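> My questions concern the predicted model and sequence given below.
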Amino acid sequence: MALLLCELAVRWFDVGPRLGQIVAANYKFSENPILRYEFRPGRTHLKVRINADGMRDRDYPVAKPPNTYRIACIGDSICAGFTLAQENTFSTRLEAMLNTHYTDAGQRFEVLNFGVTGYNITQAVENLRVKASKYQPDLVLYLYCINDPEDYSYEFSIVDARRSRAERTYFDRLSRGQRWFGAHSRLYALMRYQLEADTATGQKRPAVEKDPQFLRLRKNTHSEYYTAIHTSPVGQSRLRDGFTKLSSLAKEADIPAYVVLTPLLRDLDNYPLRNIQELVGAEAKQHSISSIDLLPTFELLASSIDEPLTGDDLHPSATATSMAAVAVLEVLLKQEEELQGYSGIEAIAEGELPEFRWAQLLQGAKDRPTGKIAQ
């Protein structure tokens, strides 16, 4: 009974090291010096399934099938769906809505997920060039995260140096089913972590740095951090160069590209990074790239629900991802002629998909701010 109570306590109070669940075996070094690393093809681990081409998605033929409209989603962990089950990723939800309610039965939609955890703007756009472009997308959605001008990648440091032995075995016991007791008891995993962390082999390796953004989030100094990486000369240059290349690739392929601005889903009552959202939107506009700001949508819908919007300090929950998919689809229906045959969010509001609640709320808010910044 005492052990059972302790087990409940460590779960309830979330005791133990808050390790990002970055599984090094899901990644490999890339031959592309800009990408540096990428998903390992064919890997399956708990919620994550990587296809044969290194995408967190099902397999697709490279040649686009007839009567198929393809949307390529690029970005980092928000696009990849970190903390989410496969069926709850942005690309999966958007594809489900398109294929369920499109009025032309002969038209199919494929929304491909090219997001890779930890990628910055330079890597995301390079991934569009070297991987996504060969699938002949008809439209590109860049799911922009508030840390995308950053150069540091915790995921790359993990691939480069791996975790300490104590941290690695702690995570293994929490997430792998090879040993039932280790995988199901957080109390046992915590005890082993404390014992191993005190040994020389269990210490953190100096080569693995702590992720600066998560340290700032926990110290509540994140606003200054994200502002700095967007206003520093290096960050501004990286943002400008990324949008320049994205615009060039879109024009070369003659396809529209949208930057989807995903806010940090905290402090929405008085969002401190609104000026950064506007800064990124303005930069996109200078490069003739349309942008969709999701902040107005989240501000509107967050007050109407009791469900969490985040899966951890940074990443959207399944609920928030579902909201984002509805908001993005609404803008695309108004802007893209190829989607005019779609029956609209009215059909979603009356349907059975999880997004029906957000569609209903958006329909009811006639005077809400538009999510579209510029075209």
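Thanks, I have the structure now. Numbers count the residues shown, from 1 in each chain.
> Buried residues in stretch 272-289, which are they?
L273, I276, Q277, L279, V280, G281, E283, A284, K285, H287, I289 (16 or more other Cβ atoms under 10 Å). To be clear about C-beta, it is placed using only N, CA and C from the backbone, and glycine gets the same treatment.
> Please read the previous query as pertaining to stretch 119-134.
In stretch 119-134, counting by 16+ other Cβ under 10 Å, buried: 119-129, 131-133.
> Take the residues you listed and lay them out in CSV including secondary structure.
Rendered in CSV, the data for these read as follows (DSSP: H, G, I helix; E, B strand; the rest coil):
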residue, secondary structure
Y119, coil
N120, coil
I121, helix
T122, helix
Q123, helix
A124, helix
V125, helix
E126, helix
N127, helix
L128, helix
R129, helix
K131, coil
A132, helix
S133, helix
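> Can you pick out the most distant pair from the residues you listed?
Pairwise distances across the buried residues of stretch 119-134 peak at 19.0 Å for N120 and S133 (criterion: Cβ to Cβ).
> Sort out which one of the buried residues of stretch 119-134 lies nearest N99 for me.
Using Cβ to Cβ, the buried residues of stretch 119-134 come closest to N99 at A132, 19.9 Å.
> Skipping its backbone neighbours, what lies nearest the closest one in space?
A72 (4.2 Å; Cβ to Cβ, 6 or more residues apart in numbering).
> Bridge partners for that neighbour, pull those for me.
L112, V140 (DSSP bridges).
> shift numbering so it begins at 51
Right, with 51 as the first residue, what we last looked at is A122.
> so it touches Y192, yeah?
No. Using Cβ atoms under 8 Å, A122 is not in contact with Y192, being 9.3 Å away.
> hey, what's in contact with both of these two?
Common contact partners of A122 and Y192 (Cβ atoms under 8 Å, 6 or more residues apart in numbering): L178.
> Give me the residues contacting the helix or strand where A409 lies.
Element membership for A409, per DSSP states H and E: helix 406-414. Residues from elsewhere that reach helix 406-414 (Cβ under 8 Å, 6+ apart): 347, 350-351, 354-355, 372-373, 376-377, 380, 395-396, 398-400, 418.
> Among those, which one sits closest to S297?
Nearest member of the contacts of helix 406-414 to S297, counting by Cβ to Cβ, is A377, at 23.0 Å.
> gap between that closest one and L411?
Separation of A377 from L411 (Cβ to Cβ, to the nearest Å): 11 Å.
> Kindly report the same for A59.
From A59 across to L411, the span is 38 Å (Cβ to Cβ).
> So if I had to pick from the two, which one is more boxed in?
Comparing A59 with L411 by other Cβ atoms under 10 Å, the one with more neighbours is L411, at 18 against 12.
> sorry, back to before: show me how to select, in ChimeraX, the buried members of the contacts of helix 406-414.
Restricted to buried positions by 16+ other Cβ under 10 Å, the ChimeraX selection for the contacts of helix 406-414 reads:
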select :347,350,351,372,373,376,377,380,395,398,399
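> ok, back up a step: convert the helix holding A409 to PDB, retaining C-alpha atoms only.
Extracted in PDB, the C-alpha atoms of helix 406-414 (Å, rounded to 0.1, in the frame of the first residue of the first chain):
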ATOM      1  CA  PHE A 406     -16.900  20.500 -35.300                       C
ATOM      2  CA  ARG A 407     -16.800  22.400 -32.000                       C
ATOM      3  CA  TRP A 408     -14.200  24.900 -33.200                       C
ATOM      4  CA  ALA A 409     -16.000  25.400 -36.500                       C
ATOM      5  CA  GLN A 410     -19.200  26.100 -34.600                       C
ATOM      6  CA  LEU A 411     -17.500  28.700 -32.400                       C
ATOM      7  CA  LEU A 412     -15.800  30.400 -35.400                       C
ATOM      8  CA  GLN A 413     -19.200  30.600 -37.200                       C
ATOM      9  CA  GLY A 414     -20.700  32.200 -34.200                       C
END
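> Buried residues of it, list them for me.
Those would be F406, R407, W408, A409, Q410, L411, L412, for helix 406-414 by 16+ other Cβ under 10 Å.
> More neighbours: A122 and Y192, which one.
Set A122 next to Y192 and count neighbours by other Cβ under 10 Å: Y192 wins out with 29 against 25.
> That one against L296, yeah?
Yes. Using Cβ under 8 Å, Y192 makes contact with L296 at a distance of 6.5 Å.
> Now do the shared contacts for the two.
Residues touching both Y192 and L296 (Cβ under 8 Å, 6+ apart) are V175, L178, A307, V309.
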